[in-house]
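Enquirer: One predicted model, sequence on top.
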Amino acid sequence: MNLQLLDFDCTEDAEGVVCWDALAQPARVHNTALLAEVTQVLNWCHRFDPQGPGPLEDGADWDYDLQLSLHGDAHHAQPAWPAVVRFDPATGSLHLPSGADQQAMALSLSISGSPGFGQAFREQFGLP
């Protein structure tokens, strides 16, 4: 699966836990595509291990953190404000505030996983 808008940086600790961090701030015209990529990634994670997400130190295979900031009108110097974004594994979809996908946005997605999860994630998304 090729990712066009999510560009992950990878770190690995001494115990083999891998963490991928992606930041994206697309032009509004690409918001829908970015949100679709996030949905694809999180759906894959849930298919890999439906018991997750959860704290790795408690035995979970993977966990994630998803943050969204909205910026209003890109032509005016409005401060960013955080927006609640939630992934629903039962429906396989993201839930955002009404109209959020029409705002200038900045999205942060961090995914951490066990060594087995990490290898499968790399192979699925063609990551180094």
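Expert: Perfect, thanks for sending it. Residues are numbered from 1 along each chain as shown.
Enquirer: What is the lowest-mean-pLDDT helix or strand in the chain packed up against?
Expert: In the chain, the helix or strand scored least confidently by mean pLDDT, DSSP states H and E is strand 81-83, which has a mean of 82. Contact partners of strand 81-83 among helices and strands, from 3 or more C-beta pairs under 8 Å, 6 or more residues apart in numbering; DSSP states H and E: strand 62-70. In short, each C-beta sits where N, CA and C put it, glycine included.
Enquirer: quick one: the strands in this structure?
Expert: Here the chain has its strands, by DSSP state E, at 8-12, 18-24, 62-70, 81-83, 86-88, 93-95, 105-113.
Enquirer: Output those as JSON lines; include the columns mean neighbour count and distance to F125.
Expert: Formatted as JSON lines, the strands of the chain follow (neighbours: other C-beta atoms under 10 Å; distance: least, C-beta to C-beta, whole Å):
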{"stretch": "strand 8-12", "mean neighbour count": "13", "distance to F125": "8"}
{"stretch": "strand 18-24", "mean neighbour count": "18", "distance to F125": "9"}
{"stretch": "strand 62-70", "mean neighbour count": "18", "distance to F125": "13"}
{"stretch": "strand 81-83", "mean neighbour count": "12", "distance to F125": "25"}
{"stretch": "strand 86-88", "mean neighbour count": "13", "distance to F125": "17"}
{"stretch": "strand 93-95", "mean neighbour count": "14", "distance to F125": "18"}
{"stretch": "strand 105-113", "mean neighbour count": "20", "distance to F125": "10"}
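Enquirer: As JSON lines, those with distance to E123 would be great.
Expert: As requested, these are exported to JSON lines (distance: least, C-beta to C-beta, whole Å):
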{"stretch": "strand 8-12", "distance to E123": "13"}
{"stretch": "strand 18-24", "distance to E123": "12"}
{"stretch": "strand 62-70", "distance to E123": "15"}
{"stretch": "strand 81-83", "distance to E123": "32"}
{"stretch": "strand 86-88", "distance to E123": "22"}
{"stretch": "strand 93-95", "distance to E123": "24"}
{"stretch": "strand 105-113", "distance to E123": "13"}
